[in-house]
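**Q** sequence and computational prediction follow.
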Amino acid sequence: MWNKVEADTIKFYENGNGAAGTRVRKAMQDLKGLAQEIRAEVTEKKNSAK
């Protein structure tokens with residue numbers, strides 16, 4: 001997955017490919033959502049241990 005994101009990032013920044021930029025933005029949004037889920041799980045586990 002990250003190879004595709006990296007390739008799209010290069011296409012966007014070096015070649016000005018707008019569609020590649022859209023794909024990069026979507027991948028970053030998906031990553032943000034996953035990070036939020038993990039943060040919530042960690043917080044829940046941490047708080048239940050008290």
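**A** Received, thanks.
**Q** show me what the helix ranked longest in the chain is packed up against.
**A** Secondary structure assigned by DSSP state H gives helix 18-48 as the longest helix of the chain. Contact here means 3 or more C-beta pairs under 8 Å, 6 or more residues apart in numbering; DSSP states H and E; on that basis helix 18-48 packs against helix 2-15. Quick note: C-beta positions are derived from backbone N, CA and C, even for glycine.
**Q** how about residues contacting the helix it packs on?
**A** Outside helix 2-15, the residues that touch it by C-beta atoms under 8 Å, 6 or more residues apart in numbering are Asn17, Gly18, Ala20, Gly21, Arg23, Val24, Ala27.
**Q** now that helix: mean pLDDT?
**A** What helix 2-15 shows for mean pLDDT is 96.
**Q** and the contacts of helix 2-15 as TSV, adding neighbour count?
**A** Below are the contacts of helix 2-15 laid out as TSV (neighbours: other C-beta atoms under 10 Å):
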residue	neighbour count
Asn17	15
Gly18	10
Ala20	20
Gly21	15
Arg23	18
Val24	21
Ala27	17
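**Q** Glu37: neighbour count?
**A** 10 (other C-beta atoms under 10 Å).
**Q** fine, thanks again, bye for now.
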